[in-house]
Each structure stands twice: as structure tokens, then as C-alpha cells.
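Undergrad: sequence isn't available, so here's the structure alone:
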């Protein structure tokens, strides 16, 4: 274990998770839950770069999920693009928009940044729910499937749709995690983590703080956009709620609850908070209470998030 | 002209509620640097408690007072059990804790109360008052005057009483306040009680107009937070101006442009202001000390 | 050659002149110390030179080029590096990463190849790591490389900050109280380190309260009091200047000290 880098360990753990989890799935419904975990995990991995590495908060990232989702809903119909290209187009639009908006917004700090990103997310939500001639309004609209299953069928492989999505989203998550981990140990990652700890010191070693914050914002926006695209295509349906404030909060909560500083932690957070509501449906009326309590307790007692705090405790006991 | 006045009346009414929510944010922020996203739930608790107490036979005025007291106690409990144990945690951590608290309170409300929309009787009937061709509900007058009384009362409290000055001192520099013998823990408790009570009063005043249900808190918290940031976090006067501005923008946009984009207009203005003034209209600019 | 030239530099805080009309120069390989009582404006002066504060008056020239009001990152690119009085270490990063971050400018921006972990990015990382480990060895921290910075002692953090500043390959190094809070042994180590760095041709501007250290290693001393320069010169001259003694001890104490010195 000692010789493996944290990056390798994280990737191996994720691969193992994706491969082994289906062995315990009692029904195909669980493939769907697994897929949701991976898609949320992807969005959250992007937020690790923004919140965990660069230390900037966003309460509006669901807006980028919305852009990704509606790109997949609209581009195939209006532009005749294949869904995959629509997803890339969505990612491109999100990235460019993040670049344009990020410039002025990221000059703000702390709670001011929170409210500005919040406002940005709400604006996207409003456009999606009000321009019903294009988006179908609050009732949402149909989304074309990615078409992977048909592709496999044409190759003579018949795989249930839920499983196709499970393996595909698992693969995308692994790729996303790999890229985020690459970034962590690189010069760019060091610049981001440096400006997180001390902006003034980062500047004195030559880091263009505004530029690197902006890059973290753009990269995380692209992650959110792709996750939105995947979510819409898996559900074959999308409503403006995907861009809503609650979705933004949900993503930040997943990130911070699991441990914003670590990709594995954040994905764990995403998995727990995705699975929890499914488990809590048994208690239906008490769902909110339990969810709220868990959020408070974890953040009070495991401040750095579930995974980093537990690792620290464990290693302290060892040492 | 009467149209404009009509929009201004409705803008001032919602604006007054936003201002009270923003004031709640401000008071807690000043005492503890915490932005309390469960501020909206205080408004909900004020309204819902009054509804259910009066349904249980308590006379409306007593029910309202009791509701404010209950909400204040919830605020104190929130501070004691969720905020105090998380002292010195990062901004994001605290935001998640208070959002967790807001979800929790919503969950409790949906069980203790229910998921229906509720209202109770307006305090002075529902016959609109005509002013210069526009009309205003007597309850709106209650809301606006209620907010005015609270703001004036707090102004006097902060400037004329020793306890009020202790709150300001704590806001300014907690360590220094402790060194001169101010019990900063008491100030924190007081601030949460005060914020919760103010939220509850807003809930009681506005319920006859807007109705209430277990989930009205989020939207109010967002608007109140935005208003507080617009005015400049930590400045009660900023909260007042921020709240009224957001309310007026919404009402005027709804009246003259499109009601579907009224929320958008408020946020566009907030973004525009923050781009020019990164610390809000009346906020203090942060100085970097190294 | 004059590396740093300061001309009439001044700044006001709330109408009070915190620093006013300060002028002096630093030559390559020279160690210049800025001394003065608490509140004399030494750190404020540093903050103006290093671009943290925007001066209200005067100019800063670096190697002949006017750099007044340039942001810290632009000054870093021109060879100015600094440490901080109250430590600005990247607390959550490893000791090694702290120093590696100091190589930011020589690494350049390669976001795409960093994300994709292209061979060029990995090679850059290895080179940076080697260079960073050498610097850590130089300040005596090579054994703590993998620790998280917040686990280091105060004195070690001071040296870590110097190592990070050296990673920028500065021509001019500003050190703000590098020996503050250090014990005698640590102070001695820092003393040697500063002298060795200066010997390589790096100009050093130093703020320090440890007078023994200042008198020993400085080539030139600038004395500030109440935001203005009251004198400058060789250490032995400055040490005997009645104005300096007065500034430190007050007018009366100054006379006593002068009498005592005979």
C-alpha cells in the first residue's frame, strides 16, 4: 500500500466499486441508483476542483447542469445533432458561459461569491422555466436517449438499458476522477491549492489568482454540464428543476459532506446522499428530518468531511 | 400614476418582509459571522405556529405572541446545538449546517403541522384602503408599519442600551469584546433569539396576505440573503434598503415587464451592484492585512 | 548595479501618513535592513514595494524599470520575492508542495497537459520536485518534506517560507522578520542562510527586530520612525546615531544612552 500514490489508490477503489457493486444488486432498479450515484459523483468531482482545490464556493452550479441537460434535449431536435455531440456542445456552452460570467463573479469573496453564483443559477433556472416555447416550461420536455443500447444491439449485444447506463456512467466517472486527480498533483493543481490557502502568498510566487480561479470555475462548469446531459439522457426527460437552487445545494452538500478536498471523499458523499433518499422513502414523512440531521451532524463532528476526517482518525490511532 | 403607486405599495409590502428576513441574517452574521440559511424557516414557524395555536382555540393575539416566543426558542436551540459546536468551521461548512437545519425544521414542520396552505384572519379586515387612485390592503399597512417599528426599535436598542452596544462591540471584534468583559456566548444566544423572533413576526404579519405552508422558507431565505448582500452584509440599514429595493424591483418588473421574470430582475440588479461594489451598497470593504 | 530604487514612497491610511517620502536603493548582492520601532511603517513599506498596497506617492524601480503599483504576481515575474511577518504558508499543503508551488513561474501555464497528465507535464513535475527537494535541503527541512505544513514548528515554517521564496529565483528578496519567534540556534541558521543567498548575488531587503542579527549581516541600514526615514548608512554608523537611539528609546532615553556611550 505504501508505494501506491493516493491517486492510484483512489482510482483502484473506484474501479472496484463500479465492478463489484452490481454483484449485490437485487434488482435492475439498483442499476439505476448506481447510475445516479455516478452521475452525481461526476458533478461533485468538478466541484472538488472548485471548492476543494481552489476554495471557491458556488451555489449556482446546477445552472450548468441545466445547460448540459437542455443542450441534449434541444440540439438533436432543432439542429439535428447526435446526442453525444449535443452533450459536447452543452459542455462547450457551459465552459464559455462560465468563462464570461466567472470573470466578474470570482472577484467576489465568501458570502458575496455565494450570492452571486446563486443569482446566476437562478437566472438560468428562470430562463429554462419561463421560455416554454423552447423548453416546454416547468413541465419539462423529452430527451433523446444516448443510443448506446442500439449501438450495442447492432453489434449483436443485447444489454438491458439500466445496465448500459450503469457501465457507461461508471466509465465517465472514472475518466472524470482521473482528470481531477491528474490536476491535483500538477503545477496547475498546486496553484489552485495555493490560492485556496493564501491568496496573497500565491500571488507573491507569481500565481495569477484571478486566472486560476476562473479556470477552476470553467472546468467545474464543464463537469456539471456533462453530468446534467447524462442525467437528462438517462431519464429521457428533463425539467427546469435540474438547474434549480436545491440541486445546486445538493451538489455542494455532497461535495462537502464527503470531503471537498478529496475526489474519493466527494464521490462517497455523492453516493451516500444519492442512496439515502432511496433508503429513506421507507420513512417517507421523516425523510427531511433525517437528511437535515445527517447534514448537521456530519458537518459538526467531521468538519473536513466524512472521508478525510475518518482517515485522519484512523491514521492517528495507527500512529 | 395610480398604476405606479399600486406597484410601489405591493413592492413595499414584500420588500418589508424581505427587509425583516435580511435583518435576521444581519443580526446573526454580526454576532457570529454565520450566514443562517434557516432564517426563512423562522418566518414559516411564526406563521404556522400562529395558525395552529389559534386553531387550537388560543385567541389570535396570544397565539401570535406565543408563536414568536416559540420561534425564538427554536433559534436559541439552533445556536446551542448546531452553531456553537461548529465554532471556527469554514464558511462552506457553516452554510451546509444551516441548510441542514433548514431542511430539518421543514421536516419537523411537515410532521408537527401539515403540508397544507394556511392563513388566518387579517388583523383589520380585508377592505382595501384607497390612496390617490391606488389601493392597499390594511394588512399590508400592518406589514410595513410592523417592519418600521422593528427597525426603529432595534436602532434604539443598538444605540441606546448597554446590551445593544455589547452586540455591536461583539460584531466589531469578538476577542476584544470578551476582553472587556462582554459575555459573547450570551450575545450569540440573544442574537439568534432576536433573529428568530423578527422572522416570526414577519411570518405572523404576512401570512394573511401570502398564506403560509411548511416549505415557504427557502424562497424567503434566498430573497432575504440576496437583500442582505445587496445592502452589504452586516449592516442593518443595508438590510432595510436591500429588502425594500428587492421588493420594489420585483413589483415594478411584475407590473411593467413580466411577472414571470420578477425574480430574475431582482437577481440581475444584485449581480450588477456586486460587480461594481463587491461589498454591497453599504458594506465595509475588507482590508487585507499581511 | 542598483537593483531596487525607491523614490519618495508614501501611503496614507484614513488620512494619516503611514509612510511618507521614503527613498533608498539596494544593490545586487547587498543586504539592506530596514529598522525602526514598532509602528514605524516597515511592513507597510514592504507591502508597497511588493505590490500588496498601492502607494499614494513616489515610485519603485526594479532593475531600472518602473514597477510602482504592479501586482505581486507581475513583480514575481520580474524577480521580486518575499516572505511575510505573520507567515503566509500554504498550511494545508505538504512541505514539498509548498516549495514546488514556488516554482510556479518557471513551470509556466499548461492547464490542458496538466489535466491530461501528458508526459511533458509529468516531466515538469519531476524536475520541479528535484529542485524543490534541493531547496528544502538547503534550509534544513528535507526530512519533513512529506509533512503537512501546518505540522511544522514556527521556526521551520519561517525557513519553509524562505525556501518557497527562493524557488521563485529572485533577484531581490524581501524578508519580513525572518527570525521573529526563533530561538538562538534557529536565528543563527537563518543568519547563515541569508548571507549565503546574498553571496550568490541576490539583493536582500530585510526587516528584523533582532539587532544583533541586523548589525552582523547588513551592509546598509535604513532607519524609519513614524513613517519617515530618519537616517541610513553603515551598521556601525547607524548604531551610534543619536537620532536612531532617540527613536528607539525616546528623547530622554536617547540622551542617557548617549551619555552612557560617552
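TA: Great, that's in hand. Remember, predicted model here, so these are calculated numbers, not experimental data. Residues are numbered from 1 along each chain as shown, chains lettered A, B, ... in the order given.
Undergrad: low-confidence stretches in chain A?
TA: Low-confidence segments of chain A (pLDDT under 70): A:1-3, A:316-319.
Undergrad: would you list every one of the helices in chain B?
TA: B:2-32, B:39-55, B:60-78, B:91-112, B:138-160, B:162-172, B:174-179, B:184-210, B:217-231, B:236-256, B:262-276 (DSSP state H).
Undergrad: and the angle from the last one to helix B:217-231?
TA: For helix B:262-276 against helix B:217-231, the angle by axes from the mean of the first three to the mean of the last three Cα atoms, to 10 degrees is 30 degrees.
Undergrad: kindly report the same for the fifth one.
TA: Using the same axes, to 10 degrees, one finds that helix B:138-160 and helix B:217-231 are set 50 degrees apart in direction.
Undergrad: and helix B:138-160, what does it pack onto?
TA: The elements that helix B:138-160 packs onto, with contact taken as 3 or more Cβ pairs under 8 Å, 6 or more residues apart in numbering or on different chains; DSSP states H and E, are helix B:2-32, helix B:162-172, helix B:184-210, helix B:236-256. All C-beta spots, glycine's among them, are computed from the backbone N, C-alpha and C.
Undergrad: and if you look at the second one?
TA: On a contact count with 3+ Cβ pairs under 8 Å, 6+ apart, helix B:39-55 meets helix B:2-32, helix B:60-78, helix B:91-112, helix B:184-210, helix B:217-231.
Undergrad: same check, this time on the longest one
TA: On a contact count with 3+ Cβ pairs under 8 Å, 6+ apart, helix B:2-32 meets helix B:39-55, strand B:134-136, helix B:138-160, helix B:162-172, helix B:184-210, helix B:217-231, helix B:236-256.
Undergrad: who's in contact with the residue of chain C most remote from its centre?
TA: What lies farthest from the middle of chain C is residue C:116; by Cα atoms, centre = their mean that is 36.8 Å. Residue C:116 makes contacts with A:179, A:182, as judged by Cβ atoms under 8 Å, 6 or more residues apart in numbering or on different chains.
Undergrad: can you pull out the strands in the chain?
TA: Went with chain A since none was named. A:141-142, A:237-238 (DSSP state E).
Undergrad: switch to chain C, please.
TA: Going by DSSP E, chain C shows strands at C:2-13, C:16-27, C:31-35, C:57-62, C:65-66, C:80-82, C:172-176, C:203-207, C:220-225, C:228-233.
Undergrad: now the ones you listed in CSV, with distance to chain A, mean pLDDT and mean neighbour count?
TA: Below are these laid out as CSV (distance: least, Cβ to the nearest Cβ, whole Å; pLDDT from 0 to 100; neighbours: other Cβ atoms under 10 Å in any protein chain shown):
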stretch, distance to chain A, mean pLDDT, mean neighbour count
strand C:2-13, 16, 93, 18
strand C:16-27, 18, 93, 18
strand C:31-35, 18, 95, 24
strand C:57-62, 14, 95, 18
strand C:65-66, 17, 94, 10
strand C:80-82, 5, 95, 28
strand C:172-176, 9, 96, 25
strand C:203-207, 14, 95, 25
strand C:220-225, 22, 94, 23
strand C:228-233, 25, 93, 18
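Undergrad: and these: which comes nearest residue B:30?
TA: strand C:2-13 (24.2 Å; Cβ to Cβ).
Undergrad: check whether the closest one contacts chain B.
TA: No: counting by Cβ under 8 Å from any Cβ of the partner chain, no contacts exist between strand C:2-13 and chain B, the nearest distance being 9.1 Å.
Undergrad: nearest residue to residue C:110 other than its sequence neighbours?
TA: residue C:121 (6.0 Å; Cβ to Cβ, 6 or more residues apart in numbering or on different chains).
Undergrad: now do residue A:61
TA: Per Cβ to Cβ, 6+ apart, closest to residue A:61 is residue A:224, 4.7 Å.
Undergrad: longest helix of chain A, counting residues only.
TA: Per DSSP H, chain A has its longest helix at helix A:209-235.
Undergrad: tell me the helices and strands packed up against it.
TA: helix A:29-47, helix A:62-74, helix A:83-105, helix A:161-184, helix A:187-197, helix A:199-204.
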